[in-house]
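**Student:** Sequence first, predicted coordinates after that:
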Amino acid sequence: MPDEMQNENIRIQSSEDTGQQIKIRDHKRRTFSFFKTKKDGSETAAFRNYQHFKIGDTVEISYKNVPYKDGTIKNVLNMRPATGPIEESAPTENYIFKQRTRMGPGREYWEERDAKRQSSILMQVAFKAAVSLEAARVENGEAENKERMFSDTLEFYDWMENEIDGGEAEELNDVLVYGNGESCHGVSP
């Protein structure tokens, strides 16, 4: 119904003066707009009548849906005192979704993000521990073995994850101990 004029009773929730236009938002969060002046410079009927109302007033508007860019705009042609009650409605699901996206991500997003961050930190710590262990092995005369270092990284990661989940994490140095009693960091247990 783009060219068909429609009449509807609305409550003015807010208004915005953009210079050439007035934009009003109704109780259903829809936006209606109209120009202040015609091309010849005289006031439009909508603007002339708009000046008699304020935010919170119930009015009857006459408008057309006009194609604009990728959608339509509700172009107000006239407004007058309401001729009946307004149709109240609960916010739509689409509106609720938009409100949630304006507020930002929900709790689940942040919990998942935090878990990924913690996992990444654990992997970094496990890799550092495996590199330190491999360096100590090389210092003790063993040949460097990167596959063993990567395997140690995964073992350390799994161990740390299990200790954290169990709630009884020990110091990492207590676990990284060689047969000669020295830890990979050179600190005796």
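**Tutor:** Yep, it's here.
**Student:** where does residue 118 sit relative to residue 154, distance-wise?
**Tutor:** For residue 118, the distance to residue 154 equals 17 Å [Cβ to Cβ, to the nearest Å]. (C-beta placed from N, C-alpha, C; glycine too.)
**Student:** just residue 45 next, same as before
**Tutor:** 75 Å.
**Student:** next helix or strand past the least confident helix or strand in the chain by mean pLDDT?
**Tutor:** One helix or strand of the chain scores below all others by mean pLDDT, DSSP states H and E: helix 93-103, with a mean of 60. Sequence-wise, the next helix or strand downstream of helix 93-103 (DSSP states H and E) is helix 107-139.
**Student:** And that next one, what's buried?
**Tutor:** 122, 123, 126, 127, 129, 130, 132, 133, 134, 136, 137 (16 or more other Cβ atoms under 10 Å).
**Student:** Verify the stated contact: the fifth one with residue 156.
**Tutor:** Right, the one you point to is residue 129. Yes: Residue 129 is in contact with residue 156 according to Cβ atoms under 8 Å; the separation is 4.9 Å.
**Student:** okay, now the domains of the chain?
**Tutor:** The chain breaks down into these domains under automatic domain parsing: 6-103, 107-174.
**Student:** Let me see the ranges of the helices in this structure.
**Tutor:** Ranges of helices in the chain, per DSSP state H, are 45-50, 93-103, 107-139, 146-166.
**Student:** Lowest average pLDDT across these?
**Tutor:** Among the helices of the chain, helix 93-103 has the lowest mean pLDDT, at a mean of 60.
**Student:** In contact with residue 63, which residues?
**Tutor:** 5, 6, 8, 32, 74, 75, 76, 77 (Cβ atoms under 8 Å, 6 or more residues apart in numbering).
**Student:** if I pick the fourth one, what's in contact with it?
**Tutor:** With contact set as Cβ under 8 Å, 6+ apart, residue 32 has these partners: 10, 23, 24, 25, 26, 61, 63, 74, 75, 76.
**Student:** before we move on, back to that, between the helices of the chain, which one is closest to residue 18.
**Tutor:** Closest to residue 18 of those, according to Cβ to Cβ: helix 45-50, at 12.4 Å.
**Student:** what comes up buried for that closest one?
**Tutor:** Result for helix 45-50 [16+ other Cβ under 10 Å]: buried residues 45, 46, 47, 49, 50.
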